[in-house]
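# quick one, what's the 3D model for this:
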Amino acid sequence: MADQSVQAPVFTPSQVTQEEEMREVAIIQQVEWYFSRQNLIADFFLKRQMNDELWVSLATIIDFPKMLNLNVTQKDEAHLAHLLSTRSQIIEVDSTNRFIRPIWAVRSTLQLKGVPTNVSAVAIHGFLESIADARCPLGFISTRTCTCPCGVWFSIRLKELELLQARSMGSHLMAPLLLPK
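Model prediction:
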């Protein structure tokens, strides 16, 4: 992600008061709202701050008005990284503790292009299920198809965690499905 030679900021937790705990919860909820799908539909500014892998610098987030209203400043960057990495279920913090992104940032769509027209969605689902294992059973949410002159395109929405396994299987595993019988 970022330059790995840069020392990651370190935060040392201390005893927090109930008031500080409530503030920390509010901060986490605010950052989680920024990265919610509901907010990102319309938050063009935040989307422009994201790189190709959806990482955004904590410095950028800290400068948002609502974060300033919660008395978060740039000197709180390490504390914010610690809060998000230990207490948020939907925010991922990079190894430098300087960038964050939503955990769902990994695309949840597997696209197969140029599939011969005689291969059905049922056959593709069956093949993917046959190469899945107990550690990662595949769950299909929906499948869309589009026929073009070069074949059929399948766009298969997988449950997000399962997509990682499907991607790691590699396209070469699709060869038996695509070969004519």
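# any idea how the chain splits into domains?
18-105, 109-178 (automatic domain parsing).
# which of the ones you listed has the lowest average pLDDT?
Note on those: domain 109-178 shows the lowest mean pLDDT, a mean of 57.
# and the helices in the protein?
18-34, 37-40, 44-49, 58-62, 65-69, 77-87, 121-131, 160-169, 175-178 (DSSP state H).
# any chance of those helices in JSON lines, plus distance to residue 97 and mean neighbour count?
In short, each C-beta sits where N, CA and C put it, glycine included. Listed next are those as JSON lines, based on distance: least, CB to CB, whole Å; neighbours: other CB atoms under 10 Å:
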{"stretch": "helix 18-34", "distance to residue 97": "14", "mean neighbour count": "15"}
{"stretch": "helix 37-40", "distance to residue 97": "23", "mean neighbour count": "11"}
{"stretch": "helix 44-49", "distance to residue 97": "18", "mean neighbour count": "12"}
{"stretch": "helix 58-62", "distance to residue 97": "8", "mean neighbour count": "19"}
{"stretch": "helix 65-69", "distance to residue 97": "17", "mean neighbour count": "12"}
{"stretch": "helix 77-87", "distance to residue 97": "4", "mean neighbour count": "18"}
{"stretch": "helix 121-131", "distance to residue 97": "37", "mean neighbour count": "15"}
{"stretch": "helix 160-169", "distance to residue 97": "23", "mean neighbour count": "15"}
{"stretch": "helix 175-178", "distance to residue 97": "42", "mean neighbour count": "13"}
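# with distance to residue 104 as new columns, can the ones you listed be given to me in a markdown table?
Conversion of the helices of the chain to a markdown table gives the following (distance: least, CB to CB, whole Å):
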| stretch | distance to residue 104 |
| --- | --- |
| helix 18-34 | 12 |
| helix 37-40 | 7 |
| helix 44-49 | 14 |
| helix 58-62 | 17 |
| helix 65-69 | 21 |
| helix 77-87 | 15 |
| helix 121-131 | 21 |
| helix 160-169 | 6 |
| helix 175-178 | 28 |
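# which of those helices sits closest to residue 93?
Closest approach to residue 93 among those is made by helix 77-87 (4.1 Å; CB to CB).
# export the closest one as PDB, just CAs?
Extracted C-alpha coordinates of helix 77-87, given in PDB (Å, rounded to 0.1, in the frame of the first residue of the first chain):
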ATOM      1  CA  GLU A  77      -3.900   9.800  14.000                       C
ATOM      2  CA  ALA A  78      -2.200   6.900  15.800                       C
ATOM      3  CA  HIS A  79      -5.000   6.800  18.400                       C
ATOM      4  CA  LEU A  80      -7.600   6.700  15.600                       C
ATOM      5  CA  ALA A  81      -5.800   3.900  13.800                       C
ATOM      6  CA  HIS A  82      -5.700   1.900  17.000                       C
ATOM      7  CA  LEU A  83      -9.400   2.500  17.700                       C
ATOM      8  CA  LEU A  84     -10.400   1.400  14.200                       C
ATOM      9  CA  SER A  85      -8.100  -1.600  14.000                       C
ATOM     10  CA  THR A  86      -9.200  -2.900  17.400                       C
ATOM     11  CA  ARG A  87     -12.900  -1.900  17.600                       C
END
